[in-house]
Structures are given as structure tokens and as C-alpha cells.
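Novice: Sequence and computational prediction follow.
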Amino acid sequence: TVNAAKTPTAANPPTTVDVVVVGAGFAGLYALHKLRGEGLTVRVFEAGDGVGGVWYWNRYPGARCDVESVDYSYSFDEDLQREWDWSEKYATQPEILRYVNHVADRFDLRRDIEFGTRVTDVVLDEPAMRWEIRTEAGDVLSARFCVLAVGPLSNANVPAIEGLESFEGGLYHTAHWPHEGIDFTGMRVGVIGTGSSGIQTIPRIAEQAAQLHVFQRTPNYSVPAGNVPLGDADRAEQKANYTERRRLSMAGGGGSPHEPHPKSALEVSEEERRAAYEKRWQLGGVLFSKTFPDQLLTIEANDTARLFWEDKVRVVIDDPEVADLLIPKDHPIGTKRICTDDKYFQTFNRENVKLVDLRAAPIERIDSAGVHTTDKHYALDALVLATGFDAMTGSVEKMNIVGRGGRTLNQEWAEGPKTYLGLGIAGFPNLFNLTGPGSPSVLANMVLHSELHVNWVAGAIGYLDAHGAVALEARRDAVADWVEECADRAAATLMLHANSWHVGANIPGKPRVFMPFVGGFGVYGEIIAEVAAAGYKGFDVI
Ligand code: N01
């Protein structure tokens, strides 16, 4: 365990380090590696018993990344990226977890990580300009910098459904899946939720369960994932072009090397448009929602994609009434994270699968034996919650983070998250929030995004030290401008048309604010680099 003073006193001061990192997912692990390499002392706290963050927790059957494995991997070490072999175009959760564990071993990261330890308090000692970090285990550390690498999709949302705790069958959340797995053979299973997690796991559970009821409140757009195994020749080709691939990814809109069609969806002929959609459809994956550059900008352009999608999906669903229920009507395609699947819609053709339309008859309560909707009782042996996350702010707001003048982060963010560049928060000097609100975050490849952020933080710390400065603190006017810029950029797209977790719509009472920076990963990278080059413009260097 950490050699920390459990009850610090003047005679027994807390352990001091340069940096505390919260979280040992992709971002936290690289933060440890990078900052340790800069000669800083770093301590990482991780709630899980192993590395990997979302890939540690989300072990549900069918869990797989929707960014290509060759791109969804660290770029910081040439030998690592040359030596690691991915077996599939889109890696499964177990393979990603093996990769992250390999990285942790390869760079000897575990010795500075405290597993199974949740951070509870992050409190600024203003006169000393240091952060006091406390954990559930009673550790107390004093750090000059605190890096929050808690992940935007890490705080599982368990819906407040009456009687949920009284259910006597197996109750599982996709984001807290048992390590030993679950055998649903012969069981009557219910799944609540049809987002990315539900859509990935429903076909796999349907293969096992005797009977599966899918409780759907809102249908979602999903495209075939298009996963394929990778052979030696594929890998050799990918690796031969890795440098260029990474360059394009860093400059691209979503942190991957793919470009949209050069013209507007409305500028091209019907034939050319269909051919472009068909090409992306055959390729599979989330890029379908970015086939044309204006697809997420105007309803007219978006409709062309939506109608193409609808034609493709209707033909694979046998029952037209079921198809009607599975086709979204409430938001433009791509304004919620488009889902990717392996025969999701076809699953509803199975005899043992039934779609329950919660719009027609909502869930009233859950009892020991199953789910009561307003018109029926469904007897179940197991219930799976694929109900998502209190995204982007949930895990940060769970900690007691106290900045200048005793003001808490939750007070600061009461009307929605307020950051400068996503990285800095006014009143919270030397606290850096990685891949959260105000940054491209979930709209980009999170691995490269984590590297971008960590490199920026390392640069900022180096700058402070080189200038004999103590702290970096976002200025209030810079925060206000950035919040406005993020809102304006979002308002210029169709993204506000969806009741998505991006705007907090899935959590009752959460302020409705579009949280990510929608201007593109490459653009964002240029902005934060310019700010640094201009002596951290918009920050006070103290
Ligand atoms: O969560 P979600 P997710 N009663 O919030 C429903 C990433 N991810 O875990 O829309 C009934 O999208 C809710 O219904 P509604 C990816 O970025 C990626 O699936 O609120 N239903 C919705 O259907 C993704 O976007 C991958 O009406 C309730 C579902 O639960 C993000 O994580 C895989 C309910 C939640 O969907 C989150 O995805 C998995 C209630 N009380 C996740 N409460 C890949 O890389 C909620 N719902 C492929």
C-alpha cells in the first residue's frame, strides 16, 4: 500500500509527491509513464483491481471497440506499436484488456499504482498551493499537481426504478459485469437499454437465453460493425503506413485517419451519394455517420443518410411492426453516438426474442420475480441493465473537489461543466481534467486524445518549472469564452437535436449542456498547442 500518513499531523506530514493521478485507464497509465519519465514523482489511485478503466469494467458479452484496433492503441512508443499484433479490425474487450496489461508490465507502471482505492477528496491547500488527496482507504497525500483521468463513461447509471433492489434473479449492469462471466443458458432474461452496450450484448445474450425480452424506451441507429480478423499481411500493411496513419489521425476530426467525402451530400448526384453511403456501409462501423462533411450540419444532408440507413435496416427485420418500433424517429442520424452491431436487428427475427415497447407501456416497477410495465408482468431469471452512464461529469463530481476559497467543483459546475480547453478550471490551479467536457472527448479516439492531453500537461509542468512558477490556473474570462465557443460550435451542428448523454439528457436534473468540443480533434489539438506556444494564454502563470 501507499506509504502515506493515515492521520497527518505537523509531526507526521502526509506523503508528498509531485503528481497524483486519479484513474488507471488509457489516460492515467500514460500520464504515469510520461510524467515519471519527466523526473516527477507520481502516484496513481485506481478504484478497480486492475488497469484498463472502461475495459476493466465493461466485460459484457459482445463488448468490442468501435475504433479500429490499429488506431485505438498508444502511439507514444514506436517499439510498442510495431511489436503488438491485433487479431481483429475491432478489438474485443478481452484483447484490449490484455494490451493494457501488457503496457502496464512493459513500462513497469504497477509499482506506482494503488489498486482497489477510490479517491474521495481533492482539496486545495491554498497557502501552500498544493492538493491534499484522500482515499477511501484512508491514504492522505500532498501533491503539487492533480490529474483527473477518471474517464467520461465510467460512472454507471442505475435507473431509479421502483423495486429494483427487490429483484431476486441475477441483476447485472453492463459496466459492472462479473469477471467470471454469466451463463444465461435456459434462462428468461430481460435487457433494459438499447444504446451501444445493449445493442452489442443483446445478440450474444439471445444466443444463450431461453427467452429474451428487450425493454426499449428509445430506438437507436446502428450500423454493422464490419469486424474482420486481421492476417499477417493486413498487419504488415498497417504497420508499414503507421507514421502516416498517426499523422492523419492527429489532424483528423475524430482522431482516426479517415476523411469524409470531399463534397456536400447535397452537391453530388443521387448515384454518387448512394455509392458513397454504400461504400461506408460495406466498410462498416461508425464512419457511416461521417460519410459527408455536412451530414451532421443540416437536416437535408442528414436525411439522405437516415433514409439510406432505414432502407438497409427495414429489409433485415421480418416483422414490419417490429421494424417500425426499431427505427428511430426522434433524432437525426449520428447526433447520438451511432451504435455498431453484429446482427442486432436480425436478432428480433428469433423466436426467443421479444421487443417490449416502453413508450407504449412504461416500466412501472420491478418486483422479486420480474418487470411490471403498465400493461404486463414479465417473469425473469436475470435482468441486465444496459442503462449507460452519468457521462463526462459523473465521476469527477462524485469526488469532493475543493478549490480556492473553499468553493467546490460541484458548485462551480452547478449549471454545467465550465472549463478552459477542457483542461483547466478557474479556481482550481494545477488541477488538470483529462478527456472530459470542453475537449473533443468521446467524439474522438480516446487513446490518442489521452496522449494529446497528457503531453500538453507534461509541457505545462515543464513550462512552470522552467519559469520558476508555482501554478497554472485557467482565468475566468478564458473559461467563459471557451464555454461560449463550445456552445456556439455545437449550436451550428445538429448535435443539440438529440436527447443524448452528450447533453446530460439521460440523467434526471442534469443541466442540459452539450459537453464535448465539437470542432474536431485536429482543430482542438492546434488550439491547445497555440495556447501553450503563446505562454499559456488564458491561464494565469503564478
Ligand atoms: O449507454 P446509453 P451505453 N428505463 O446511455 C436506456 C460508449 N460505448 O452504455 O435513450 C428504460 O447510450 C436508454 O434509453 P433512453 C458509446 O460512446 C461504446 O449503451 O434514455 N430505459 C438507452 O437506450 C456510447 O454512446 C461502445 O430512452 C432506460 C440505454 O438505456 C456510450 O458508451 C460500446 C432507462 C442507455 O444507452 C454509452 O453507451 C458501449 C430507464 N429508466 C458503449 N434508463 C463501443 O465502442 C436508461 N435507459 C461499441
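Specialist: Looks like it came in fine.

Novice: how about the residues of the stretch 401-542 of the chain near the ligand?
Specialist: 442, 501, 506 (C-beta under 6 Å from any ligand atom). (Glycine included, C-beta is placed from N, CA and C.)

Novice: at 8 Å what do you get?
Specialist: 442, 499-501, 505-506 (C-beta under 8 Å from any ligand atom).

Novice: Just the buried residues of those residues.
Specialist: Buried residues within these, counting neighbours by 16 or more other C-beta atoms under 10 Å: 442, 499-501, 506.

Novice: Farthest-apart pair in the residues of the stretch 401-542 of the chain next to the ligand, please.
Specialist: Within these, V442 and N499 form the most distant pair, 16.2 Å apart (C-beta to C-beta).

Novice: do you know how far the closest residue to I461 other than its chain neighbours is from V122?
Specialist: Nearest non-adjacent residue to I461, counting by C-beta to C-beta, 6 or more residues apart in numbering: F145, 6.4 Å away. Taking C-beta to C-beta, to the nearest Å as the measure, F145 falls 11 Å from V122.

Novice: tell me what the host helix or strand of R134 is packed against?
Specialist: For R134, the host element (DSSP states H and E) is strand 130-135. Packed against strand 130-135 by the contact rule (3 or more C-beta pairs under 8 Å, 6 or more residues apart in numbering; DSSP states H and E) you find strand 15-22, strand 119-125, strand 140-148.

Novice: who does the residue nearest to I461 bridge with?
Specialist: V19 (DSSP bridges).

Novice: can you pull the contacts of it?
Specialist: 18-20, 131, 430-432, 457, 461 (C-beta atoms under 8 Å, 6 or more residues apart in numbering).

Novice: let's see it at 10 Å
Specialist: Going by C-beta atoms under 10 Å, 6 or more residues apart in numbering, F145 touches 17-21, 31, 35, 40, 42, 130-131, 429-432, 457, 460-461, 464, 471-472.

Novice: And for A91?
Specialist: Applying C-beta under 10 Å, 6+ apart, the residues near A91 are 55, 64-65, 67-70, 72-73, 97-99, 227, 230.

Novice: Recalculate using a threshold of 7 Å.
Specialist: 64-65, 69, 72 (C-beta atoms under 7 Å, 6 or more residues apart in numbering).

Novice: Q216 too?
Specialist: 194, 355-358.

Novice: ok, now I317?
Specialist: 323, 326, 345, 348-349.

Novice: So which of the residues you listed is the closest to V313?
Specialist: With C-beta to C-beta as the yardstick, the closest approach to V313 among these comes from F345, at 5.5 Å.

Novice: what's around that closest one, how many residues?
Specialist: 22 (other C-beta atoms under 10 Å).

Novice: what about the strand or helix carrying it and the ligand, touching?
Specialist: If you go by DSSP H and E, F345 is part of helix 344-347. No: figure legend: helix 344-347 not in contact with the ligand (C-beta under 8 Å from any ligand atom); closest approach 11.3 Å.

Novice: one step back: format the contacts of I317 as CSV; extra columns: pLDDT and distance to K537.
Specialist: Below are these laid out as CSV (pLDDT from 0 to 100; distance: C-beta to C-beta, whole Å):
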residue, pLDDT, distance to K537
A323, 98, 53
L326, 98, 49
F345, 98, 49
F348, 98, 54
N349, 98, 57
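
Novice: just curious, which of these is nearest to the ligand?
Specialist: Using C-beta to the nearest ligand atom, L326 is the member of the contacts of I317 that lies nearest the ligand, at 12.0 Å.

Novice: Surely the closest one and F345 touch.
Specialist: Yes: contact criterion C-beta atoms under 7 Å: L326 and F345 qualify, at 6.2 Å.

Novice: Read off the pLDDT value for the residue lying closest to K376 once chain neighbours are set aside.
Specialist: Residue nearest to K376 in three dimensions, not counting chain neighbours: A361, with 6.9 Å by C-beta to C-beta, 6+ apart. Note for A361: predicted pLDDT of 98.

Novice: what's the answer for L383, then?
Specialist: 99.

Novice: Now do the host helix or strand of it: which elements does it pack against?
Specialist: Assigned by DSSP H and E, L383 belongs to strand 382-385. Using 3 or more C-beta pairs under 7 Å, 6 or more residues apart in numbering; DSSP states H and E, the elements in contact with strand 382-385 are strand 170-173, strand 188-192.

Novice: Report the backbone C-alpha coordinates of it in PDB.
Specialist: Taking C-alpha atoms only, strand 382-385 is exported to PDB below (Å, rounded to 0.1, in the frame of the first residue of the first chain):
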ATOM      1  CA  ALA A 382     -31.900 -12.400 -14.900                       C
ATOM      2  CA  LEU A 383     -32.100  -8.700 -15.600                       C
ATOM      3  CA  VAL A 384     -29.400  -6.800 -17.500                       C
ATOM      4  CA  LEU A 385     -29.100  -3.000 -17.100                       C
END
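
Novice: got the contact list for it?
Specialist: Contacts of strand 382-385 (C-beta under 7 Å, 6+ apart): 158, 167, 169-174, 184, 187, 189-193, 201, 205.

Novice: and the ligand, which of those reach it?
Specialist: Near the ligand, by the rule C-beta under 8 Å from any ligand atom, you find 174, 192-193 out of those.

Novice: can you list these in a markdown table and add distance to T291, pLDDT and neighbour count?
Specialist: A markdown table is the format used below for those (distance: C-beta to C-beta, whole Å; pLDDT from 0 to 100; neighbours: other C-beta atoms under 10 Å):
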| residue | distance to T291 | pLDDT | neighbour count |
| --- | --- | --- | --- |
| T174 | 29 | 98 | 27 |
| I192 | 32 | 98 | 24 |
| G193 | 27 | 98 | 26 |
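
Novice: and which of those is nearest C339?
Specialist: The closest of those, once distances to C339 are taken by C-beta to C-beta, is G193, at 11.3 Å.

Novice: residues in contact with the closest one?
Specialist: So G193 contacts 385-388 (C-beta under 7 Å, 6+ apart).

Novice: So what's the residue count around the residue in the stretch 101-250 of the chain positioned nearest to the ligand?
Specialist: Proximity of the stretch 101-250 of the chain to the ligand (C-beta to the nearest ligand atom) peaks at G195, 2.2 Å away. For G195, the neighbour count with other C-beta under 10 Å is 21.

Novice: So it sits against G388, correct?
Specialist: Yes: in terms of C-beta under 7 Å, G195 counts as a neighbour of G388; the distance is 5.5 Å.

Novice: List the contacts of L283.
Specialist: G226.

Novice: Quick check: it vs the ligand, distance?
Specialist: Going from L283 to the ligand by C-beta to the nearest ligand atom, to the nearest Å gives 16 Å.

Novice: V19 too?
Specialist: The gap separating V19 from the ligand is 28 Å, by C-beta to the nearest ligand atom.

Novice: Of the buried ones among the residues of the stretch 401-542 of the chain next to the ligand, which is the nearest to I542?
Specialist: Nearest to I542 among those, with distances taken as C-beta to C-beta, is V442, at 31.6 Å.

Novice: So the closest one lies in a helix, does it not?
Specialist: Yes: counting by DSSP: H, G, I helix; E, B strand; the rest coil, V442 is located in a helix.

Novice: That one contacts V518, doesn't it?
Specialist: No: at 11.0 Å, V442 and V518 do not qualify as touching, with contact defined as C-beta under 7 Å.

Novice: longest single helix anywhere in the protein?
Specialist: The residue-count maximum for a helix in the chain (DSSP state H) belongs to helix 446-466.

Novice: Centre of the chain to that helix, how far?
Specialist: With C-alpha atoms, centre = their mean, to the nearest Å as the basis, helix 446-466 stands 20 Å off its chain's centre.

Novice: average pLDDT for that helix?
Specialist: The pLDDT scores in helix 446-466 average 98.

Novice: now stretch 26-46
Specialist: pLDDT averaged over stretch 26-46 gives 98.

Novice: Near the ligand, which residues of the stretch 101-250 of the chain are found?
Specialist: Along the stretch 101-250 of the chain, the residues adjacent to the ligand under the rule C-beta under 8 Å from any ligand atom are 153, 157, 159-161, 174-175, 192-200, 215-218, 220, 225.

Novice: Okay, and which of those map to strands?
Specialist: Under the assignment DSSP state E, those contribute 192, 215-216 to strands.
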